[in-house]
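1. the sequence and its predicted three-dimensional model are supplied below.
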Amino acid sequence: HARRIEGVDKNIWVEFTQLAADYQVVNLGQGFPDFSPPSYIQEAFCKAVNGGCSMHQYTRAFGHPPLVTILAKFFSKVVGHDIDAFEDILVTVGAYQALFCTFQALVNEGDEVIIIEPFFDCYQPMVKMAGGKAVYVPLRPVRGKALTSADWVLSSEELASKFNSRTKAIVINTPNNPLGKVYKREELQLIADLCIKHDVVCISDEVYEWLTYDGAKHVKIASLPGMWERTVTIGSGGKTFSATGWKVGWAIGAGHILKHLKTVHQNSVYHCATAAQEAVAVGFQREYEHFGTPESYFLQLPERLQHKREKLAACLESVGLQPVLPEGGYFMIADISSVKVDLNDPSTQGEPYDYRFVKWLIKEKGLATIPVSAFYSPEHSKDFENYIRFCFVKEDSTLSSAEAILRNWS
Ligand code: PMP
Ligand code: GLN
């Protein structure tokens, strides 16, 4: 085997999705909705599939023209910059492939890439497979009052100390998975200033951009002065329209950067499914027409989720698990250190405490969640073995079943 895949063979989603299937659990693990996408987008998909030959054939390599056209129109308004549909956008197989193309296109052997912890796990193996070196900087809970994701903050000195002449890029994720932190403008400005000072690219994973609560506002780092030229913004049609299986994602950024991502894409995947791109294009067209009105799915989904977030948080609190209330996204982490359980399963001996706890919860209680230390580097994971992640983009009946399990805990 090639050296680039050494040490990246384990995958949290592969492992825990299989366990959840084996034990037929109530599943608050992997992040996907257990309800259908809005009907107009399902109809758009059916129409595409039934609409004759062309939707079943290849389309433009870098994105189906109707999709890149509406993405450009839509996001030009959001970013406040004129986005060129054919130069500044690459449509990919999910946000995953947008991330992969970005690292492959920009990172050289020995380059350093700064990753803020906790982080969506794939950044690390992707940096490694590109030959780069991941450098970590943690968000830390403000001592004594880590009640919400806003209480997890970066130290500006610590962050600044990670930038040097080898730094090629920094990856940020807002709203963050698994914490739910929504970075404030001032926090993004600090990162932007360092990127500009050290001539570093910012890779901004914004797949949960529409999901914010309690008035938290999602800010695009690409919209800050001097950042459009050096930011690759990544999005996901799957997360946007509750259709994670469609695997339509995108990277948006200045043409002089995006052209390198296109080189990776044209020589590997070439393009993603035409009909799925067509349906996502219809979805964005509709959103463009209804943006800011109650008809907009981008408003309806967070409204629906706000109540689910409250329901889950209240339940966790009542059983003695301390939730960290997320400002965005569809995950909630909870502190398990006050729960005493007898983890005597010999098959999990030697694994991190949260892994053992989650496996116990799956096998003995029939509830799936995800261990949070999976979102940390090997250097820091030991300090974060007391949290597990719950996904709340679920039917109320699913959340109630989880609640029943938690309440009958002992
Ligand atoms: N980034 C983050 C933060 C995620 O949580 C996910 C998982 N959906 C992805 C990227 C990958 O998204 P996609 O399913 O569109 O590939
Ligand atoms: N992004 C999703 C999560 O965090 C799922 C990722 C995956 O299944 N690979 O749960």
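-> Looks like it came in fine. Ligands and ions are numbered 1, 2, ... in the order given.
2. so which bits of the stretch 201-350 of the chain are right by ligand 2?
-> Contact residues, the stretch 201-350 of the chain versus ligand 2 (C-beta under 6 Å from any ligand atom): none. Every residue, glycine included, has its C-beta placed from N, CA and C.
3. chain center to the lowest-mean-pLDDT helix or strand in the chain: distance?
-> Ranked by mean pLDDT, DSSP states H and E, the helix or strand of the chain with the weakest confidence is strand 140-141, at a mean of 91. Relative to the chain's own centre, strand 140-141 is displaced by 20 Å; criterion: C-alpha atoms, centre = their mean, to the nearest Å.
4. strands paired with it, and their directions?
-> strand 152-153 (antiparallel) (DSSP bridges).
5. name the helices or strands packed onto the next helix or strand after the partner strand?
-> Counting by DSSP states H and E, the next helix or strand C-terminal to strand 152-153 is helix 156-161. Counting contacts by 3 or more C-beta pairs under 8 Å, 6 or more residues apart in numbering; DSSP states H and E, helix 156-161 is packed against helix 185-198.
6. which outside residues touch stretch 82-95?
-> 62-65, 67-69, 71-73, 75-76, 98, 101, 205, 207, 234-236, 238-239, 247-255, 258-259, 261-262, 265, 269, 271-272, 277 (C-beta atoms under 8 Å, 6 or more residues apart in numbering).
7. now the buried members of those residues.
-> 62-64, 67-69, 71-72, 75-76, 98, 101, 205, 207, 234-236, 238-239, 247-254, 258, 261-262, 265, 271-272, 277 (16 or more other C-beta atoms under 10 Å).
8. report the closest residue of the stretch 101-250 of the chain relative to ligand 1.
-> residue 236 (3.2 Å; C-beta to the nearest ligand atom).
9. give me the phi and psi angles of that residue.
-> Dihedral pair for residue 236: phi -140, psi 120, per degrees, to the nearest 10.
10. contacting residues around it?
-> 94, 95, 207, 244, 248, 249.
11. so which of these are also by ligand 1?
-> Contacts with ligand 1 are made by 94, 95, 207, 244, 249 out of those, judged by C-beta under 6 Å from any ligand atom.
12. which members of the contacts of residue 236 occur in strands, if any?
-> 248, 249 (DSSP state E).
13. next, give me the two most distant ones among the contacts of residue 236.
-> 207 and 248 (11.6 Å; C-beta to C-beta).
14. tell me what the longest helix along the chain is packed against?
-> Identified as the longest helix of the chain according to DSSP state H is helix 297-318. On a contact count with 3+ C-beta pairs under 8 Å, 6+ apart, helix 297-318 meets helix 274-290, strand 322-324, strand 331-335, helix 396-407.
15. now the stretch 51-200 of the chain against ligand 1: closest residue?
-> residue 94 (2.4 Å).
16. how much space between that residue and residue 335?
-> Computed as C-beta to C-beta, to the nearest Å, the residue 94 to residue 335 distance reads 31 Å.
17. then residue 285?
-> Between residue 285 and residue 335 the distance is 43 Å, computed by C-beta to C-beta.
18. could you do residue 74 as well?
-> According to C-beta to C-beta, residue 74 stands 39 Å off from residue 335.
19. for residue 254, same thing?
-> Distance, residue 254 to residue 335, by C-beta to C-beta: 41 Å.
20. SS state for residue 4?
-> helix (DSSP: H, G, I helix; E, B strand; the rest coil).
21. would you confirm that it contacts residue 132?
-> No: counting by C-beta atoms under 8 Å, residue 4 stays clear of residue 132, with 10.7 Å between them.
22. quick one: buried residues of stretch 362-371?
-> Applying a neighbour-count criterion of 16+ other C-beta under 10 Å, one finds 362, 365, 366, 367, 368, 369, 370, 371 buried in stretch 362-371.
23. return the subset of those lying in strands.
-> Among those, the ones falling in strands (DSSP E) are 367, 368, 370, 371.
24. show me the contacts for the second one.
-> So the one you mean is residue 368. Residue 368 is in contact with 16, 19, 20, 23, 25, 26, 27, 28, 29, 358, 361, 362, counting by C-beta under 8 Å, 6+ apart.
25. who touches the last one in this structure?
-> What that stands for is residue 362. Counted by C-beta under 8 Å, 6+ apart, residue 362 has contacts 16, 19, 20, 23, 25, 368.
26. now the spatially closest residue to residue 259 that is not a sequence neighbour: how far from residue 254?
-> Among residues not flanking residue 259 along the chain, residue 87 sits closest, at 7.8 Å (C-beta to C-beta, 6 or more residues apart in numbering). Relative to residue 254, residue 87 is positioned 8 Å away (C-beta to C-beta).
27. kindly report the same for residue 3.
-> Counting by C-beta to C-beta - residue 3 and residue 254 are separated by 33 Å.
28. cool, residue 162 as well?
-> Counting by C-beta to C-beta, the gap from residue 162 to residue 254 is 24 Å.
29. residue 403 now?
-> For residue 403 relative to residue 254 (C-beta to C-beta), the value is 47 Å.
30. residue 19 touches residue 359, doesn't it?
-> Yes: the pair residue 19 and residue 359 passes the contact test of C-beta under 8 Å, sitting 6.9 Å apart.
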